[in-house]
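K.L.:
My questions concern the predicted model and sequence given below.
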Amino acid sequence: MHSRQPTNPRRPALSVLVSTDTVLRDTTAASLTLGSPDAVVVRHDLLPDDGALRRVVVDTTGVVEDVTVELEHACVSWSVREDAVPTLARLAATGRWTDLVLALPVTAEPLPVARALATHTADGELLDQVHLTATVAVVDLDRVEADLLGDDLVDERGLALTDDDERPLGEALAAQLEQVDVVVTTGDDPTGSGLVDRLRARDSRRIDGLHALDVTELAACRHDSVAAEGRAHPLGARNPHRSSSDPRDRSWSLLLTSRRPFHPERLLEQIEHLGTGPVRSRGVFHVPDRPDSVCLWDGAGGALCVADLGTWQEVAGNRPPVTRILVVGAGDAEEARSTRDRILDAFGEALATGAEVDDGGLRWLGRRDVLEPWLGARTV
C-alpha cells in the first residue's frame, strides 16, 4: 500500500551512518538534525542482554519516538528488515522530512544494511518512495591508530552487537572505513589521517570536520551497490592511490602479490609473522591442494581469519588465481621497516616455488590437508 506523497517535491533521501564510537555517532546525528529542519534520524541500538532493540527517532525539535522492541533475533539484519524498513517508510510517507538518516548500532558493518535497503528501495517495494544516497562513517583521527591496530575486542569496550560478539575493534573499524561512500573525520592526528586514507576506498569521499557535513550534501550523492560490493570484496584490496605529504604521518602500507600459491605447510609455519601483530591485512590467497578455491585473508586487532570463499569461477568471475594481500600499519621509520621486512620475508618463505607447482598440482594429490581445520573439508 502506498501512502500519500511528501509535500516537498524532492524525493526523500536516505543515508546510513556508522561509527565505532557511540558519542561520535550521536553527535553526528545531532549535528545533521540541528543543521536542517527537514532531516530526521532513526537511531538503532541493540540491547543483547534484554533481547531487544531500542529505536530513537530525532529531528530538530527533539525526540519524536523512543521505543524498545523485543527481538526475535538480536542481530542488525533482523533489526533492519523488521524495524528500520517499515519505520523509514512510515516517516517518509508523512511528507514531514526530506532527508532520512539511519544510524546503525555502533560497530555495525554498513554493507549488509545498505544491501538490504537497496532491495527495499526498488520499484514496488516498501521504500520505493526514497532513494539511497550514501553510507557514511565517522571516525576520530586521534583514536584511529589505537582502535585499528590495538587488540581490544568490541565486548571489552561494551560495543558488542550480540552476546557472543568477540570481534576485534580494529576489524569493525576497518570494515566501516573500507566499505562506505563517505568518511567524515574529527581530530587532527596525522598518522590517524594516513591510516584512514590507506584504508578507505579509492572511490570514496573524505570530509574533515562535522561542520562540513550536512544532509543536503549527502542527498546529492547516489549509493552505487555494485561499487560497494566491490570495495568489500577481498579481491578489491589494492594499494591506496593517495600518499601523505605530512612528515609526522607514521602510517605505511605494503601490497604482497604473486601468481604462485602458498605452500600449505610453510604457510602455517609463517602465519604468525604474516598475519598477527598491530596491522590490518586483507586479501585472497590460494593453495595447490585446493586449486579451484579462493581463500580469504582477513586480519585486524592481532587476530586473523582465513576461509574458503568458493571457486574462482563463482567468486572471481573465473579470473586466474592470485595471492594478494594488502597490509597497513603504523610505526616509526625503523620500526616500520623492521615490520615490513619481517612480513616480506615470511611471504616469500610461505609461497610455493615454481618447481613445487610446475606439474599442475599432481604432487599434492593424496596429501593430508593441513588447512582443513580453518578452511573446512575440501570439495571435488
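P.N.:
Perfect, I can see it now. Predicted model, so just to flag it, every value in this text is computed and none were measured.
K.L.:
looking at the protein, which helix or strand is least sure?
P.N.:
When the helices and strands of the chain are scored by mean pLDDT, DSSP states H and E, helix 76-79 comes last with a mean of 78.
K.L.:
Counting by contacts, list what the helix or strand just after that one packs against.
P.N.:
Going down the chain from helix 76-79, the next helix or strand is helix 85-93, by DSSP states H and E. Contacts defined by 3 or more Cβ pairs under 8 Å, 6 or more residues apart in numbering; DSSP states H and E place helix 85-93 against strand 39-47, strand 52-59, strand 99-103, helix 110-120. Backbone N, C-alpha and C define where each C-beta goes, glycine included.
K.L.:
CA-only coordinates of helix 85-93, as CSV, when you get a sec.
P.N.:
C-alpha atoms of helix 85-93 as CSV (Å, rounded to 0.1, in the frame of the first residue of the first chain):
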residue,chain,number,x,y,z
VAL,A,85,12.4,-0.5,6.8
PRO,A,86,8.8,-0.1,8.0
THR,A,87,9.8,2.8,10.2
LEU,A,88,11.6,4.7,7.4
ALA,A,89,8.7,4.0,5.0
ARG,A,90,6.3,5.4,7.6
LEU,A,91,8.4,8.5,8.2
ALA,A,92,9.0,9.2,4.5
ALA,A,93,5.2,8.9,3.8
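K.L.:
Just the buried residues of that helix, please?
P.N.:
Within helix 85-93, the residues scored as buried using 16 or more other Cβ atoms under 10 Å are 85, 87-89, 91-93.
K.L.:
And the strands in the stretch 101-250 of the chain, which stretches?
P.N.:
131-140, 182-186, 205-208 (DSSP state E, counting those that start in this stretch).
K.L.:
ranges for the helices of the stretch 151-300 of the chain?
P.N.:
For the stretch 151-300 of the chain, helices defined by DSSP state H, counting those that start in this stretch occupy the ranges 169-179, 190-199, 215-219, 225-232, 264-275.
K.L.:
Save those as TSV, and put in mean neighbour count too.
P.N.:
TSV is the format used below for those (neighbours: other Cβ atoms under 10 Å):
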stretch	mean neighbour count
helix 169-179	25
helix 190-199	24
helix 215-219	20
helix 225-232	15
helix 264-275	18
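K.L.:
For residue 304, which of these is the nearest?
P.N.:
Among the helices of the stretch 151-300 of the chain, helix 264-275 comes nearest to residue 304, with 3.8 Å by Cβ to Cβ.
K.L.:
What average pLDDT does stretch 220-237 get?
P.N.:
Per-region confidence: stretch 220-237 scores 90 on mean pLDDT.
K.L.:
contacting residues around that stretch?
P.N.:
15, 111, 114-115, 118, 131-135, 175, 178-179, 181-182, 201, 203-205, 282-284, 294, 296-298, 309, 315-316, 319, 324-326 (Cβ atoms under 8 Å, 6 or more residues apart in numbering).
K.L.:
Next one: residue 74, what pLDDT does it get?
P.N.:
Looking at residue 74, its pLDDT reads 66.
K.L.:
Give me the distance between the residue nearest to residue 126 when sequence neighbours are not counted and residue 15.
P.N.:
Using Cβ to Cβ, 6 or more residues apart in numbering and skipping the chain neighbours, the partner closest in space to residue 126 is residue 89 (4.7 Å). Applying Cβ to Cβ, to the nearest Å, the value for residue 89 to residue 15 is 16 Å.
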